[in-house]
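1. Can you look at this prediction? I've put the sequence above it.
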Amino acid sequence: MLHPMQETAIEIRDVAHRFGSETTALSPTSLTVRRGELLCLIGPSGCGKSTLLNLMGGLLPIQTGSVTVMGEKVAGPMPHRISFVFQESTLMPWYTVLQNIELGPIFQGASKAGLRARAEAALQAVGLSEFANHFPSQLSGGMRQRAALARVLCLDTDIILMDEPFGALDEQTRMVLGEDLSVLLSRTGKTIVFVTHSLGEAVFLADRVAVFSARPGTIKTIVEVNAPHPRTPEFVTSPEFAELRNRLYTELHEEIRRTMGPGMRAAAAGADGGRVQA
Amino acid sequence: MRALPRLVQIGFVVGLVLLWHLATTTWHVSPLLLPRPALVVAKAWSLIVSLEFLDPLAQTAGEVAAAFAIAASSGLIVGAFVARAGLRVQVAEPLLTAINAVPAILFFPLFTLLFGLGGGSKIALGATIGFFPIVLNTISGLSNVERILVTAAISMGASRMALLRHVLLPAAFPSVLAGLRIGMTLSFLAVLGGETIASFDGLGHQIADAAESMESATMYAYILIVIGVAALLNQLLARLDSFGARR
């Protein structure tokens, strides 16, 4: 899905963030998220990509600079515009999958009428219909993240912020979920910002990939991925994919070296270079 | 194989009764200290069929119920109030834990001065002792809710009330339930203990009274009845626990 409407969904201007007086989590950063695109944030551990995501979603107070979402200044969570998928499961363990999916709309005062059907449709979209009445503890990690995806589909916000949603899953599950996500999203035209450690995941999913510099990070460069959604397994084996992946790897490599510090060089020489996965 | 542990348990009880019987016959332990098991069972049976046990049981049960009601309601309210702010937890939790370490039975003489020798002093003691596990478990349950679940709920637009109802209370539920269970058991023990020290009525009073008037068989018979009541209570609380675990 290329972006026919080059409108702005999220406008970030000179936003920086500190935790306490010591730690700078994010150096001044500006970024424009286009409407309907999938933008990946990738970078070394602790570079501030999750911080930036939380600032966009109003989950952290904005200390300097400004964030505007669909023309509206962010001052707190905007449940009607933005929904989240987190790395850990955020399904309430005491509710069934279906009840969990209905929870967001209930928080927002949705009427009961039609809600059940909406939640069931969302579950069907992620292939979890059979598990509607299971509790989260009865599902695998991958199924739980599918359910989290269904919750976001049911909330039906224009913008979805995802913080390493597949980060805790094994490689195979992550691959399948990535493919499914690509298919799901090519239908809906939603704006998505997706934080990941995985180069392959970033290239596979994103329209654009923003690469962060080492801590305290800011966006170093943005790489465009010009391939139509839904992306297929053939795309993964194509030369373009390999070329983009290599380019991201080169961009990231020196940043990761910098986070690791000189003392770590010898030890890291044989490792995979920080937490970036192929 | 599942029957084996049960068999061993039954064997243990039978063995105990057998030893008891042997002690009173072949080993000649004084019947004042230890009457024959058959005599004790007969006495307990007569207390039961004559319904003589009902009055002291009703007295004790009423005291336990009142003590637990006070302990539970105050424990839940104070716990919920403290857990609402991190600072309050930091101040109150160590304080409550420290007070809980003081043996509350020491206050029983004071309670008899304040509330008399009747049910009031037992209720006060049971409520005081039952209060602490309930308030401490409520605080820990409410303040140890996973942050990410709260964040997720807020990101979906949960109001304060909705957060309490759909996230905080269900998350705290198992811990609160455990606190109520321990509080109930402790209230029961405290009331019985108070009754044996100074009282007019109740199961504990009957036991102490029988001991003082050297009616050993009656004393042991009431102990048997208390064991029966405790076993019933334990069953009830175990039900409650499995209800909590099902969620």
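-> The structure has been received and is ready for your questions.
2. Dead centre of the chain: give me the residue that sits there.
-> This is for chain A. The residue lying closest to the centre of chain A (C-alpha atoms, centre = their mean) is A:F194, at 2.1 Å.
3. The chain in question should be chain B.
-> B:T185 (1.4 Å).
4. distance of the residue of the stretch 1-150 of chain A found nearest chain B from A:L60?
-> Across the stretch 1-150 of chain A, the shortest distance to chain B (C-beta to the nearest C-beta) belongs to A:P79, at 3.1 Å. Heads up, the C-betas are built off the backbone N, CA and C, glycines and all. Distance, A:P79 to A:L60, by C-beta to C-beta, to the nearest Å: 16 Å.
5. Compare these two and say which is more crowded by neighbours.
-> Just comparing A:P79 and A:L60: by other C-beta atoms under 10 Å in any protein chain shown the higher neighbour count belongs to A:P79, 21 against 18.
6. got a list of what the more buried one touches?
-> By C-beta atoms under 8 Å, 6 or more residues apart in numbering or on different chains, the contact set of A:P79 is A:G104, A:F107, A:Q108, A:L155, A:T157, B:S155, B:M156, B:G157.
7. Tell me how many other residues surround the last one.
-> With neighbours defined by other C-beta under 10 Å, the count for B:G157 comes to 19.
8. tell me which element the nearest residue to it once chain neighbours are set aside falls in.
-> Leaving aside its chain neighbours, B:G157 sits nearest to A:P79 (3.1 Å; criterion: C-beta to C-beta, 6 or more residues apart in numbering or on different chains). Counting by DSSP states H and E, there is no helix or strand that carries A:P79.
9. interface residues of chain B facing chain A?
-> Residues of chain B lying close to chain A (C-beta under 8 Å from any C-beta of the partner chain) are B:148-149, B:151-159, B:162, B:166-167, B:170-171, B:173, B:247.
10. same thing but at 10 Å, please
-> B:146, B:148-159, B:162-163, B:166-167, B:169-171, B:173-174, B:246-247 (C-beta under 10 Å from any C-beta of the partner chain).
11. Of those, which belong to helices?
-> B:148-155, B:162-163, B:169-171, B:173-174 (DSSP state H).
12. Now, of those, which are buried?
-> Among these, those classed as buried by 16 or more other C-beta atoms under 10 Å in any protein chain shown are B:149-155, B:162-163, B:169-171, B:174.
13. Next one, pLDDT for A:R265 please.
-> The model reports A:R265 with a pLDDT of 51.
14. Counting by contacts, list what the helix or strand harbouring A:I106 packs against.
-> A:I106 belongs to helix A:97-107 when assigned by DSSP H and E. Judged by 3 or more C-beta pairs under 10 Å, 6 or more residues apart in numbering or on different chains; DSSP states H and E, the packing partners of helix A:97-107 are helix A:115-125, helix A:141-155, helix B:147-155, helix B:160-163.
15. got a list of what the closest residue to chain B within the stretch 151-278 of chain A touches?
-> Nearest to chain B, among the residues of the stretch 151-278 of chain A, is A:L155, at 6.8 Å (C-beta to the nearest C-beta). For A:L155, the contact set (C-beta atoms under 10 Å, 6 or more residues apart in numbering or on different chains) comprises A:79-80, A:82-84, A:101, A:103-105, A:107-108, A:110, A:118, A:122, B:155-157.
16. one more time with 7 Å, if that's ok
-> A:S83, A:G104, A:P105, B:M156 (C-beta atoms under 7 Å, 6 or more residues apart in numbering or on different chains).
17. Also A:D158?
-> With C-beta under 7 Å, 6+ apart, A:D158 has these contacts: A:R81, A:K190, A:T191.
18. ok, so of those residues, who is nearest B:S199?
-> Among the contacts of A:D158, A:R81 lies closest to B:S199 (C-beta to C-beta), at 66.4 Å.
19. that older thread, out of the buried ones among the ones in helices among the residues of chain B next to chain A, the closest to A:H17 would be?
-> B:T151 (16.4 Å).
20. who touches stretch B:149-160?
-> A:57, A:59, A:77, A:79, A:84, A:86, A:90, A:92, A:103-104, A:107-108, A:155, B:163, B:166-167, B:171.
21. Would you reformat the helices and strands packed on helix A:97-107 as JSON lines and include mean pLDDT?
-> Below are these laid out as JSON lines (pLDDT from 0 to 100):
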{"stretch": "helix A:115-125", "mean pLDDT": "92"}
{"stretch": "helix A:141-155", "mean pLDDT": "92"}
{"stretch": "helix B:147-155", "mean pLDDT": "93"}
{"stretch": "helix B:160-163", "mean pLDDT": "90"}
